[in-house]
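>>> Using only what follows, build the 3D model:
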Amino acid sequence: MIAFSEDHGDIMPHLALVHERMDRTKPVLVRIHSECLTGDLFGSLRCDCGEQLIRSMELAAEQGGVVIYLRQEGRGIGLINKLKAYTLQDQGLNTLDANSHLGLEVDGRHYEVAIEIMKDLGIEAVHLLTNNPAKLEAVERSGVRLVSRVPIIIKPKKENWKYLKAKQELMGHFL
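Modelled structure (predicted):
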């Protein structure tokens, strides 16, 4: 585990979980994962984030890959706003409309820091483990060679089906 921050006093740095067998001379399996406290730590069924993180770590272990853990909770809106958005979702709004209703970006995440982490680790080419087209675009624009997209397949649950469909239909995520 390697912590990355622009500020040495940062108590919430981004992280890279780097497998000891990572081979920089070949394309590396990389997962860019945005923090989801409710899913990653508490196992929320509203999303599939925790399951994606676990599966990503398994694949990184099998293939000598890297999981980059970005501290941008709730698609960049932060935990408090995410909990407010949950309340609006409970009242019938989808995940995107809830953010908009709160005056927030639908997706405020940025991936430049993930690109810098890859470059700092000496990674020049990747098999990107993602369902998110925005992550693909960020890598394609970066100078890090995108060799392939590796889908991360998590079986939807009745509790997160509407959430996943909204991401697919409104944000173009692959399911």
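>>> Quickly find the element holding the most centrally placed residue in the chain.
Closest residue to the average C-alpha location of the chain: residue 33 at 2.7 Å, with CA atoms, centre = their mean. Secondary structure from DSSP states H and E places residue 33 in strand 28-34.
>>> and that strand, what's its mean pLDDT?
Strand 28-34 carries an average pLDDT of 97.
>>> Quick one: distance of it to the chain centre.
8 Å (CA atoms, centre = their mean, to the nearest Å).
>>> Which strands or helices does that strand pack on?
Packing contacts for strand 28-34, counted by 3 or more CB pairs under 8 Å, 6 or more residues apart in numbering; DSSP states H and E, involve helix 49-63, strand 66-70, helix 73-76, strand 125-129. Where you see a C-beta, it was placed from the backbone N, CA and C, and this is true even at glycine.
>>> Could you export that strand as PDB, CA atoms only?
Only the C-alpha atoms of strand 28-34 are listed here, as PDB (Å, rounded to 0.1, in the frame of the first residue of the first chain):
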ATOM      1  CA  VAL A  28      -0.700  -3.900 -15.900                       C
ATOM      2  CA  LEU A  29      -4.300  -4.700 -14.700                       C
ATOM      3  CA  VAL A  30      -5.400  -1.500 -13.000                       C
ATOM      4  CA  ARG A  31      -8.600  -0.700 -11.200                       C
ATOM      5  CA  ILE A  32      -9.400   3.000 -10.500                       C
ATOM      6  CA  HIS A  33     -11.800   2.800  -7.600                       C
ATOM      7  CA  SER A  34     -13.500   5.800  -6.000                       C
END
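>>> From here on, call the first residue 510.
I'll keep to 510 as the first residue from here, and by that count the last item is strand 537-543.
>>> Not counting it itself, show me its contacts.
Strand 537-543 is contacted from outside by 531, 558, 561-562, 565, 568-569, 572-579, 581-582, 584-585, 618, 620, 623, 627, 632, 634-639, 644, 659, 661, using CB atoms under 8 Å, 6 or more residues apart in numbering.
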